[in-house]
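> this is a predicted model, with the sequence first.
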Amino acid sequence: MSRILLGLILAALPWVASAEGVNSGDGAWLLTATALVLFMTLPGLALFYGGLVRAKNVLSILMQCFALTCMVTLLWVVAGYGLAFGDGGAWNKFIGGGKFLLAGITRDSVSGTVPESVFLMFQMTFAIITPALVVGGYAERMKFSAVLVFSTLWLMLVYVPVCHWVWGNGWLMQMGLLDFAGGTVVHINAGVASLVAALLLGNRRGFPQSAMPPHNLTMTVTGASMLWVGWFGFNAGSAVAVNGDAGMAMLVTHIAAAAGSLSWMAIEWFKHGKPSVLGIVTGMVAGLGTITPASGVAGPMGALAIGLTAGVVCYLSTQLVKRVLRIDDSLDVFPVHGVGGILGTFLAGVVVSADFGGKGLAEGVTLGHQMTVQLIGIVSIGLYCALLTFILLKVTQALVGLRVAPETETEGLDLGEHDERGYIL
């Protein structure tokens, strides 16, 4: 009788590991986190970006986010996952290998304490959202064919190698770079690529002389709210387990989002006399992007400091890029995600210290050494991304052209590229 009772109790405990090494609690959480991260792109980012552009281009943004989700999925299956997380042998410091077409991955394959199918799907959602973020840099003026060609090349030659360097036991991971959930892999990559694209394509027709306000802030706020919720999967899911790191990552993510929102709102209110809805939701994204690399090592007070700093620094960066330098990074990808990723990756080396309430530095590692590693990661990834993005845009330009015709840009990409209207009133 006691054996039967013990068996029933064990069967009821979702966190008990199976004989194959899979922990059902970890697996259940990662399944949930995967859905949350996909929710960030579809519909979160699509609605956030869609509301920010003019009405004549709303469908082009939704189409680009949707098509990239589909295309990156297949690229990840064919080669992306293997190159990012496979064993590259003698070249493993720089690129992975194997697992092409997901060869060898079965129902019984395990990655850590979760099914490998779940882990590769979770990482796929990161690969999906990163080129989708880049869309904001060239919004309202790039050909749809160019979006597909450039994003394919960029994913395989920029995102995948950097992902391997940082998370696939590449050279930066071996150095001890702290990037828990994508400050370098996602945000610096996307921000730098967006800036290069904006510079190479040039400004939208009429920028900066003509005002180009968001056509639907209701849509933008809805998308931003979805991003906030989905980001818990992004950061807390990166623990790949149900443990203290996941719980603290969720807490600090929420704190930084709230702090970033309020600090952006406050500085905008002070400078312009009124707080804007666009400002408070952009501050939220700045707080989320900046805490991302530090979310696995920061404590609550570290997150508060990061969020407050992010709102101010990213706000000032948007003013510099748009108003001073007059660079038309259409949806502020570099000043929010790029600058936020740089700031967060740098500060991760500070807030990890137990003196600041963090997880604590690795044994034998000094604060100075950790900060040096963080700087190496920021500079190397930023330069690599900038150079390769420029080259790939030039290749794309030679293959299919980059920018839509002037009349198409005036008419709008919805009609010009897709022969449809977002609104029929």
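Arrived safely, thanks for sending.

> low-confidence ranges, this protein, go.
1-20 (pLDDT under 70).

> give the helix, strand or coil label for the most centrally placed residue in it.
In the chain, the centroid-proximal residue (CA atoms, centre = their mean) is Val186; its distance is 4.0 Å. Classification of Val186 using DSSP: H, G, I helix; E, B strand; the rest coil returns helix.

> from what I can see it touches Ile128, true?
No: with contact defined as CB atoms under 8 Å, Val186 and Ile128 do not form a contacting pair (10.6 Å). In this view, the C-beta of every residue, glycine as well, is placed from N, C-alpha and C.

> strands of the stretch 151-300 of the chain, residue ranges please.
Counting by DSSP state E, counting those that start in this stretch, the stretch 151-300 of the chain has no strands at all.

> would you state the helices of it in chain order?
Taking DSSP state H, counting those that start in this stretch to define them, one finds helices in the stretch 151-300 of the chain at 160-167, 171-175, 189-201, 217-236, 244-272, 277-291, 300-319.

> okay, those helices, which one's buried deepest?
Compared across those, helix 277-291 shows the largest average neighbour count, a mean of 28 (mean count of other CB atoms under 10 Å).

> quick one, what contacts Thr309?
Going by CB atoms under 8 Å, 6 or more residues apart in numbering, Thr309 touches Ser263, Thr290, Leu343, Leu347.

> which one of the residues you listed is nearest Asp355?
Proximity of the contacts of Thr309 to Asp355 (CB to CB) peaks at Leu347, which lies at 13.8 Å.

> quick check: the nearest residue to Val242 once chain neighbours are set aside vs Phe180, distance?
Counting by CB to CB, 6 or more residues apart in numbering, Val242 lies nearest to Gly25, which is 4.6 Å off, once chain neighbours are set aside. Look at Gly25 and Phe180: by CB to CB, to the nearest Å, they are 20 Å apart.

> what about the two, which has more around it?
Neighbour count, other CB atoms under 10 Å: between Gly25 and Phe180, Phe180 has more, with 24 against 18.

> angles on the backbone of the nearest residue to the more buried one once chain neighbours are set aside, please.
Nearest non-adjacent residue to Phe180, counting by CB to CB, 6+ apart: Gly296, 3.2 Å away. The phi/psi pair for Gly296 (degrees, to the nearest 10) reads phi -90, psi -10.

> so Gly296 touches Lys359, yeah?
Yes: between Gly296 and Lys359 there is a contact at 7.3 Å, judged by CB under 8 Å.

> next up, phi/psi of Glu411, please.
Torsion angles, degrees, to the nearest 10, at Glu411: phi -70, psi -30.

> what is the burial count for it?
Neighbours of Glu411 (other CB under 10 Å): 14.

> you'd agree it is up against Arg54?
No: with contacts counted by CB under 8 Å, Glu411 stays clear of Arg54, the gap being 11.4 Å.

> where is the longest helix in the chain?
Ordering each helix of the chain by length in residues (DSSP state H) puts helix 367-400 first.

> quick check: angle from that helix to helix 160-167?
Interaxial angle, helix 367-400 versus helix 160-167 (axes from the mean of the first three to the mean of the last three CA atoms, to 10 degrees): 170 degrees.

> got TSV for the helices of the stretch 151-300 of the chain, with distance to Lys93 too?
What follows is these, written out as TSV (distance: least, CB to CB, whole Å):
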stretch	distance to Lys93
helix 160-167	8
helix 171-175	4
helix 189-201	19
helix 217-236	27
helix 244-272	26
helix 277-291	27
helix 300-319	30
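
> tell me which of those lies nearest to Ala132.
Ala132 lies closest to helix 189-201 among the helices of the stretch 151-300 of the chain, at 8.5 Å (CB to CB).

> which outside residues touch that closest one?
If you take CB under 8 Å, 6+ apart as the criterion, helix 189-201 is touched by 130-131, 133-134, 136-138, 141-142, 154, 158-159, 162, 321, 327-330, 333-342, 381-382, 385-386, 389-390, 393-394, 402-403.

> what's near enough to touch the nearest residue to Gly191 once chain neighbours are set aside?
Of all residues not flanking Gly191 in the chain, Gly338 sits nearest, at 1.9 Å (CB to CB, 6+ apart). Applying CB under 8 Å, 6+ apart to Gly338 gives the contacts His187, Ile188, Ala190, Gly191, Val192, Ser194, Leu195.

> so among the contacts of helix 189-201, which ones count as buried?
Using 16 or more other CB atoms under 10 Å as the burial test, these include 130-131, 133-134, 136-138, 141-142, 154, 158-159, 162, 321, 327-330, 333-342, 381-382, 385-386, 389, 393, 402-403 as buried.

> can you list which of these are found in helices?
Among the buried ones among the contacts of helix 189-201, DSSP H puts 130-131, 133-134, 136-138, 154, 162, 333, 339-342, 381-382, 385-386, 389, 393 in helices.

> would you mind confirming that Ile128 makes contact with Cys70?
No: taking CB under 8 Å as the definition, Ile128 is not a contact partner of Cys70, at 9.2 Å.

> these two: which is more packed in?
More crowded of Ile128 and Cys70, by other CB under 10 Å: Ile128, with 25 against 11.

> which element is the more buried one on?
Assigned by DSSP states H and E, Ile128 belongs to helix 116-138.

> let's see that helix as CSV, backbone CA atoms only.
Taking C-alpha atoms only, helix 116-138 is exported to CSV below (Å, rounded to 0.1, in the frame of the first residue of the first chain):
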residue,chain,number,x,y,z
GLU,A,116,15.8,19.1,-27.6
SER,A,117,12.7,19.8,-29.9
VAL,A,118,11.5,22.3,-27.3
PHE,A,119,14.9,24.0,-26.9
LEU,A,120,15.4,24.4,-30.6
MET,A,121,11.9,25.8,-31.0
PHE,A,122,12.6,28.3,-28.1
GLN,A,123,15.8,29.4,-29.8
MET,A,124,14.0,29.6,-33.1
THR,A,125,11.7,32.3,-31.7
PHE,A,126,14.7,34.5,-30.9
ALA,A,127,16.0,34.0,-34.5
ILE,A,128,12.5,35.1,-35.7
ILE,A,129,12.2,38.3,-33.7
THR,A,130,15.7,39.6,-34.4
PRO,A,131,15.4,40.3,-38.2
ALA,A,132,11.8,41.4,-37.5
LEU,A,133,13.2,44.1,-35.2
VAL,A,134,15.5,45.3,-38.1
VAL,A,135,12.4,46.0,-40.1
GLY,A,136,11.9,49.2,-38.1
GLY,A,137,15.1,50.7,-39.5
TYR,A,138,14.0,50.6,-43.2
